[in-house]
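Chemist: here's my sequence, what's the structure:
(chains A and B)
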Amino acid sequence: MTPPPSRRAFLKAGGTLLAGMALVPLAGCEFNELTPKSLGDRIPFLTPVGTDEGAFFVQNGGLGSIPGWSEPDLDPATWTLTIDGLVDTPLTLTLADLEAEASVTVLKTIRCVVDSNEFPGLIGTALWQGVPLRRFLDAAGVDRTRARRLHLFGADGFRNNVRLDEVYRTFSPDTFEPLLVTRMNGEPLTRAHGRPVRLLVYDGYGYRNVKWLERIEATADDRVFGTYQEVLGYFDEGTVRVASKVTDPVFAQQIPAGQFLIQGFAVSGATGVTQVEVAIDDGPFEPAGLTSLSEVISATPSVAAAQQVIEAGAEAFPFPGVWVQWAFEWTATPGPHVLRVRATDASGAVQPADDFTFEDGFNPIVEIRVTVT
Amino acid sequence: MMRWSFLPLFLAGFLLPFTAHAQAWTQPRGEAYVKVSHGRSTAAEQYDFEGAVLPYADNVDGDAFFDRSLYLYGEYGLSDSFTLVALLPYKRLTVEDAAFEYTTGGIGSIMVGGRYNLKPLVGGAGTPQTLAVNAMFTLPAGYTRNFAPSIGPGQVDVQASLNYGVSLFPLPAYAQVGAGYRVRTDAFGLSGSTECQPGRDVNCVVDAQPAYDNEWLVNAEIGSTPQPWILVQGLLQGVFSANAPTAQTSFTASNPIATRQRFLKLGGGVTLYPIPQIGLSVQGFATPYGRNTIRSTDWFFGVEYLLR
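Modeler: Below is the predicted model:
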């Protein structure tokens, strides 16, 4: 049997442990720091495609939600798209079939529904070229009396849907009907963006624009259908809510005192953005200047070929589902500041002060904390 | 998913520096063992819920997870049968996504508990075998559980394990294995939260207080002292959520914390004893298997003191 510990030994050992435990009040010394990895900047109207910094984001909905998910690498030469279900004649389309049709070029901002106010984030704008889906549905003889939805299937297992009445409705010149898209910013779709064909709807979050599309089934089933809706709980409608972002400065950036041009962009899926406002600290919201269509067209690369530009014209800009850049002159004074930004769209929808419902995306008023030196 | 990616860092809080003294052995009455360790865990990748290896953070090349922590670990033999055990971690976590570098530091979750000697069950004195039951509480030290990143999951855990050890005499070596179970209590009262607006506030996440899955714990260790001044160890540690990790328990916008995780850490260590009471140790681990967890490489540099 080991002899009992001496008082000195006990105090020494116990003291060591207690000294450590005495550090518990240091919990109050907890710190949390945020450092931006790059400074803010004005971004181009069209987002470049590629892998460089600032390139169009890549987000794969199946990655976190489909067992065994991997990124498809489809061969455009052998790819086919099946249209079946409630149709008179099921179709199997090849890329040549799509390329034989007259295509349209449109502008569209894609925002991921999980995107936050963080910049750069999961949002980008491109010129997309494709063929209206309706043509092929007509060719297949879709049963418009019974069919309620089109179930869309990607080669990666990702699923979504488009309501048939979303296809067969009238579209204003500043929007576009659902397209089967083959090109992005003038180039064939890259593998990461859905090569060879993805769907594109003018007003939807990213998950509505199914990549690597390989089957469309017309169905009378009117229930919610889709990977993001059924697995992750996002709303079926999937329309981009009015939102803004600040691209310069970024959160936690230090900026010099004096004149500073606060810049960013705003977008809404259903209608065009009509107003962006900026407030400094507890001050009132004041209107920011929106970039005009003529400024966008004169920039490089030009968007003059876009259907909305040609058919709707400058007076219709900003277009639904397409971002608009904005800027606000600020005389920055030394010290910490909070920059608040909110956008309003043509329907009157405005970014709320708070937004705790994730299902339809987050779009609370932007708050950027900066330090002016 | 850049905002989702750094939340599994909580898992790193569960990785504790191994002690030179295996958990199957209790301290003799009045004797103590104290160790101060510096832990360095780094990762460029994560395992998803199926075990596929992904970049730790989207659009970040290279390392994006950095755990730089200090641990104060102690054992004291209250009696020959019962040893008091405590661990005090000072955590400093840094993660990166495409836009920001996020760092949080502070006292993490304290572990306190005891080890009871069950040697009589395996033959008692005179046998080379030993058996001990370990019971530990994990107690958050008041940190903010919804910071991005957080230095711990924020809730109280209770765990118990049974450890069997054997001396390999006449070889200068020992071996031990252990298995246990960790109950996640859903008691979040010992941690705090900060108000967080999702989609706007960059340095935090919604205080979801998710239901973490209970976990099975396994460990194995083999050690040898070919000379009195050196201890060489092979080490294995495993954590397995009771239910299989799924996409829904992975990183999502609504519940961005991985509530189910599985991983195996495999490594080794060397401890040098310039004098019998003081050891200088280094231990390294890889993560060859994981589900919903970080694929990190972990190093611990320690100084230990044996109070006789």
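Chemist: rest of the way, CA atoms for contacts and neighbours
Modeler: Will do.
Chemist: so where's the chain shaky on pLDDT?
Modeler: Just so you know, I chose chain A. Within chain A, the stretches with pLDDT under 70 are A:1-28.
Chemist: wrong one, chain B
Modeler: Along chain B, the parts satisfying pLDDT under 70 run over B:1-22, B:250-257.
Chemist: so which residues of it form strands?
Modeler: Using DSSP state E, the strands of chain B run over residues B:32-47, B:53-55, B:65-77, B:82-96, B:100-107, B:109-117, B:129-140, B:157-167, B:173-184, B:215-227, B:230-241, B:262-275, B:278-291, B:293-307.
Chemist: same question for the stretch 1-150 of chain A.
Modeler: A:31-36, A:80-85, A:91-94, A:104-111, A:123-132, A:149-154 (DSSP state E, counting those that start in this stretch).
Chemist: tell me which of these lies nearest to B:L168.
Modeler: Of all the strands of the stretch 1-150 of chain A, it is strand A:31-36 that lies closest to B:L168, at 47.3 Å by Cα to Cα.
Chemist: how about that closest one, which residues are buried there?
Modeler: A:N32, A:L34, A:P36 (16 or more other Cα atoms under 10 Å in any protein chain shown).
Chemist: tell me the contacts of the last one?
Modeler: Residues in contact with A:P36 (Cα atoms under 8 Å, 6 or more residues apart in numbering or on different chains) are A:V250, A:F251, A:A252, A:Q253, B:A99, B:F100, B:E101.
Chemist: now the last one, nearest residue through space, not along the chain?
Modeler: Okay, so that is B:E101. Leaving out its chain neighbours, the residue that sits closest to B:E101 by Cα to Cα, 6 or more residues apart in numbering or on different chains is A:T35, at 5.1 Å.
Chemist: report the secondary structure state of A:T175.
Modeler: coil (DSSP: H, G, I helix; E, B strand; the rest coil).
Chemist: and what of the one 5 residues further on?
Modeler: When the structure is split into helix, strand and coil by three-state DSSP, A:L180 lands in strand.
Chemist: tally of neighbours for it?
Modeler: Using other Cα atoms under 10 Å in any protein chain shown, A:L180 has 26 neighbouring residues.
Chemist: just checking, which of the contacts of A:P36 belong to helices?
Modeler: Using DSSP state H, no member of those falls within helices.
Chemist: tell me which residues of stretch B:124-143 are tucked away?
Modeler: Judged by neighbour count using 16+ other Cα under 10 Å, the buried positions of stretch B:124-143 are B:129-143.
Chemist: report whether that stretch contacts chain A.
Modeler: Yes - contact of stretch B:124-143 with chain A (Cα under 8 Å from any Cα of the partner chain) involves B:A141, B:G142, B:Y143.
Chemist: picking that back up, what sits against the residue nearest to B:E101?
Modeler: A:A252, A:Q253, B:F100, B:E101, B:Y102.
Chemist: give the burial count for the last one, as a bare number.
Modeler: Using other Cα under 10 Å, B:Y102 has 23 neighbouring residues.
Chemist: how much space between it and B:R115?
Modeler: Using Cα to Cα, to the nearest Å, one gets 37 Å for the distance from B:Y102 to B:R115.
Chemist: before we move on, what about the third one?
Modeler: Relative to B:R115, B:F100 is positioned 43 Å away (Cα to Cα).
Chemist: of these two, who's got more company?
Modeler: Shown here are B:F100 and B:R115; by other Cα under 10 Å, B:R115 has more neighbours (27 against 20).
Chemist: residue contacts, the nearest residue to that one once chain neighbours are set aside?
Modeler: Nearest non-adjacent residue to B:R115, counting by Cα to Cα, 6+ apart: B:N134, 4.4 Å away. By Cα under 8 Å, 6+ apart, the residues touching B:N134 are B:Q23, B:G113, B:G114, B:R115, B:Y116, B:A160, B:S161, B:L162, B:N163.
Chemist: how about residue 71: what's its closest non-neighbour residue?
Modeler: Just going to use chain A. A:D156 (6.5 Å).
Chemist: should've been chain B
Modeler: In space, B:Y71 is closest to B:P89, 4.4 Å off (Cα to Cα, 6+ apart).
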